[in-house]
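Asker: Sharing a model prediction with you, sequence too.
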Number of protein chains: 2
Amino acid sequence: MPKGIPSAAVSRLVIYLRVLTDLEADGVGRTSSDHLAAEANVSAFQVRKDLAYFGSFGTRGSGYVVATLKRELRRILGLTRQWNVIIVGMGRLGQALAAYPQLDQYDFELVAGVDVDRAKVGTRIGDLLVYHLDDLHQLLAEQRVDIAFLAVPVGAAQAATDALVDAGVPGILNFAPTVVSVPPAVTVESVDFLAGLKRLAYFLHTPAHDDGAVTS
Amino acid sequence: MPKGIPSAAVSRLVIYLRVLTDLEADGVGRTSSDHLAAEANVSAFQVRKDLAYFGSFGTRGSGYVVATLKRELRRILGLTRQWNVIIVGMGRLGQALAAYPQLDQYDFELVAGVDVDRAKVGTRIGDLLVYHLDDLHQLLAEQRVDIAFLAVPVGAAQAATDALVDAGVPGILNFAPTVVSVPPAVTVESVDFLAGLKRLAYFLHTPAHDDGAVTS
DNA sequence: ATATGTGAATTGATTCACAGCG
DNA sequence: CGCTGTGAATCAATTCACATAT
């Protein structure tokens, strides 16, 4: 069924899922596209269209059952299986990520750290055993790895990416403020706060904005 | 001149600026849309169109002068003036941001920390003096503040945002994994690694991807 | 009566082809 | 002759209006 889905729609599904989680925690049983739209800062049309890309999950006249829609969104987003994650680069950022509390909320499981610093290799940081970047193949032989958090300095990002690709890691969440190149079989998402900061500078610097809304 | 500029174009300008900075560091004096495109993982059409939104900066037949184009992009993005930044939420993330090395590279100047923990208020973290959230007005009276890094827990994000809006902070870089609402006069950019992670899960989970490229 | 689901219309962004200039 | 700059064309995404189901 997924055919030509705007990737912006996927970003919004993530938001809807959060809203639903909050609603469920508040004991709300049913909701509507209007309500979801208000919480997510988008239009109700948008909510219904985004959901329609994947199926139909509501009942006309009465809206959506929170628990049902939440379950469906988790399924659509792939959040019903376990994802094994390694952290590449155990500096300040890598360590902060290792200590991040709610990662396992949706079965993201940290399975190892990776660094090039021999002083760190073999130690435990948090409860992650640290491997050397050169031992990635060995690590991947022992352990399925779905996702790598790339938390190395800019200058090391492409080389580390190449090593990850070579070892067969299919997904990379890139925290380095640079574009990394990968072959088509590998998927990269970037989390780039310096880019966000500079976009913000642009919007503040330049009049002509009417929004007040959010981007990811 | 800025009229109906795709916000994706702004994101790409940030990338082009990085590429130019690298080129300059390598002593390269001239470049072309083809070359920039290759480095930024986009098409040469895209590079030229993005630049054309703001003016014309090259010379036909020979391309762009690195130093000139870099200067123009800095000007367009608003990176030629100083931006005063406060960090709201001096927990693990706030402290990591306070210690981030290259922030002043483009005149982003950290001027204060903010927290609600009385044990932190009045102390220095890094070299940031920490204010109480309730004293924002006082802080803003002493000091121009252009941008707040919102690094508080999810549950506190909207309340802290309201306080920032009320105190008159025009720009917010939101690190909390939630949508915050602001009036139209305030600009928010979000840096949401959990959302990025879930998008990544979706793309890995769902076939139908041909890309290998990046998003911000 | 009410709120979803969806084809059609509109708006927006990207791609293209080539005119324009050095 | 080469590479930029840009109107025109294509492609994608959002908005809308309303038919549809409960």
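Answerer: Arrived safely.
Asker: what sits up against whichever strand in chain A runs longest?
Answerer: The longest strand of chain A (DSSP state E) is strand A:108-115. Contact with strand A:108-115 is made by A:82-91, A:94, A:98, A:103, A:120-121, A:125-126, A:128-133, A:136, A:139, A:143, A:145, A:147-148, B:197, B:201, as judged by Cβ atoms under 8 Å, 6 or more residues apart in numbering or on different chains. C-beta here means a position set from N, CA and C on the backbone, and glycine is covered the same way.
Asker: Emit the ChimeraX select command for whichever of the residues you listed are buried.
Answerer: To isolate the buried subset of the contacts of strand A:108-115 in ChimeraX, counting by 16 or more other Cβ atoms under 10 Å in any protein chain shown, use the following:
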select /A:83,84,85,86,87,88,89,90,94,98,103,120,121,125,128,130,131,132,133,136,139,145,147,148 /B:197,201
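Asker: how close does the residue sitting furthest away from the middle of chain A get to DNA strand C?
Answerer: Relative to the centre of chain A, the most outlying C-alpha is that of residue A:61, 34.0 Å out, by Cα atoms, centre = their mean. Residue A:61 sits 3 Å away from DNA strand C, going by Cβ to the nearest atom of the strand, to the nearest Å.
Asker: coming back round to it: what pairs with the longest strand of chain A, parallel or antiparallel?
Answerer: Strand A:108-115 pairs in its sheet with strand A:83-88 (parallel), strand A:128-132 (parallel), by DSSP bridges.
Asker: tell me the mean pLDDT for that strand?
Answerer: On average, the pLDDT along strand A:108-115 is 97.
Asker: Pull out the buried positions in it.
Answerer: Buried-residue list, strand A:108-115, by 16+ other Cβ under 10 Å: A:108, A:110, A:111, A:112, A:113, A:114, A:115.
Asker: Can you list the helices and strands that the helix or strand of chain A with the lowest mean pLDDT packs against?
Answerer: The helix or strand of chain A with the lowest confidence, counting by mean pLDDT, DSSP states H and E, is helix A:92-98 at a mean of 93. With contacts taken as 3 or more Cβ pairs under 8 Å, 6 or more residues apart in numbering or on different chains; DSSP states H and E, helix A:92-98 sits against strand A:83-88, strand A:108-115, strand A:124-125, helix B:92-98.
Asker: and the angle for the top helix by length along chain A with helix B:7-25?
Answerer: Counting residues, the longest helix found in chain A (DSSP state H) is helix A:7-25. Helix A:7-25 runs at 110 degrees relative to helix B:7-25, counting by axes from the mean of the first three to the mean of the last three Cα atoms, to 10 degrees.
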